[in-house]
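[1] Okay, sequence plus prediction incoming.
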Amino acid sequence: MQLPLHFLIILIGIGLITGCQSLDTRPADLNAYLQQFIGQNSTDIQKSLDFSALGYKVSQTVKTTDDELSYTILRPLSIPVSGGNATVGSNAMGAPVIRYDTTAMPSYDVNFNCTVTFKLKQHIAESIQYSGRAC
């Protein structure tokens, strides 16, 4: 059974669109969580702040100066690379289905970072700044 070319293009397009969608799996809003630390002492912030409770991985190094307290959130991302692992078959009703062998799918690993910086005045947090592609 040969499928028309335009039908295959539509199926591949739908697969690409579906594959590129992502859901925000964070259990809470990061900014809302961090706002509770405004007005607190930098020592208290370091004791209480728990990024892992929100599902974030954080660098072990916390940068502290008299004016700033900075954390780096690590956001690893695995991007699938196209390859010859897709096959076209049919389902139980005979409709065409594209199947991917996800166990052998090559990927490109990227590490995105987000730096969360508390701006301090006399060791008291006055504001929060975010920088990086993963913020």
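    Now that the structure is in, tell me what you want to look at.
[2] Give me the below-cutoff pLDDT ranges for this protein.
    The chain contains residues with pLDDT under 70 at 1-28, 81-86, 100-106.
[3] which residues of this protein fall in strands?
    57-58, 63-64, 68-80, 86-90, 96-100, 107-121, 124-131 (DSSP state E).
[4] Specify the beta-bridge partners of Leu128.
    Small correction: residue 128 is Ile, not Leu. When bridges are called by DSSP bridges, Ile128 pairs up with Phe118.
[5] And it, how far from Val88?
    50 Å (C-beta to C-beta, to the nearest Å). Yep, even glycine has a C-beta here, placed from its N, CA and C like the rest.
[6] Which one's more surrounded, these two?
    Ile128 (16 against 13; other C-beta atoms under 10 Å).
[7] Please determine how far that one is located from Val110.
    Taking C-beta to C-beta, one finds Ile128 at 25 Å from Val110.
[8] Quick check: the closest residue to Thr72 other than its chain neighbours vs Thr117, distance?
    Nearest residue to Thr72 in three dimensions, chain neighbours excluded: Ser59, at 4.0 Å (C-beta to C-beta, 6 or more residues apart in numbering). Distance of Ser59 to Thr117, given as C-beta to C-beta: 13 Å.
[9] what residues are shared contacts of those two?
    Tyr71 (C-beta atoms under 8 Å, 6 or more residues apart in numbering).
[10] between the two, which one's more packed in?
    A count of neighbours by other C-beta under 10 Å puts Thr117 above the other of Ser59 and Thr117, at 18 against 14.
[11] about what we covered before: quick one: which of the strands of the chain is nearest Gln40?
    Checking these against Gln40 by C-beta to C-beta gives strand 124-131 as the closest, at 5.7 Å.
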